[in-house]
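J.: Here's a sequence, model it:
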Amino acid sequence: MDKDKLISEIHELVLKQYSQHDIKLIKNITSKGGIELHFAVAGEDVLQMSIESSNV
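T.: Below you'll find the predicted structure:
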């Protein structure tokens, strides 16, 4: 699965649900190549998730 497409779809879903709260997405790449997503309102994290790489 394409990580960028997955992140984009998750971002769209969260924005639809919480758009009235001016939610922001912060994306970080971990040292192991995974991706951490933080959704924040007024600088406070309200939702966090990690997407790990797998070579299976």
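
J.: ok, what's across the strand from Met49?
T.: Met49 has the following beta-bridge partners by DSSP bridges: Leu37.

J.: And Ile26, by the same measure?
T.: His38.

J.: residues near it, how many?
T.: By other CB atoms under 10 Å, 11 other residues sit near Ile26. Backbone N, C-alpha and C define where each C-beta goes, glycine included.

J.: repeat for Glu36
T.: Counted with other CB under 10 Å, Glu36 comes out at 14.

J.: That one contacts Ser50, correct?
T.: Yes - between Glu36 and Ser50 there is a contact at 5.2 Å, judged by CB atoms under 8 Å.

J.: shared neighbours, those two?
T.: Thr30 (CB atoms under 8 Å, 6 or more residues apart in numbering).

J.: Please list all residues in contact with Ile26.
T.: Counted by CB under 8 Å, 6+ apart, Ile26 has contacts Leu37, His38, Phe39, Ala40.

J.: and which of these is nearest to Ile23?
T.: For those, the residue nearest Ile23 by CB to CB is Phe39; the value is 5.3 Å.

J.: pretty sure that closest one contacts Lys27?
T.: No - counting by CB under 8 Å, Lys27 is not a contact partner of Phe39; they are 10.2 Å apart.

J.: quick one, which of those two is more surrounded?
T.: Phe39 (19 against 12).

J.: Now that one. Nearest residue, chain neighbours left out?
T.: The shortest distance from Phe39 to any non-neighbouring residue, by CB to CB, 6 or more residues apart in numbering, is to Leu47 (4.2 Å).

J.: For the strand or helix carrying the one you found, buried residues please.
T.: Here Leu47, judged by DSSP states H and E, is contained in strand 44-51. Neighbour counts using 16 or more other CB atoms under 10 Å place Ile51 of strand 44-51 among the buried residues.
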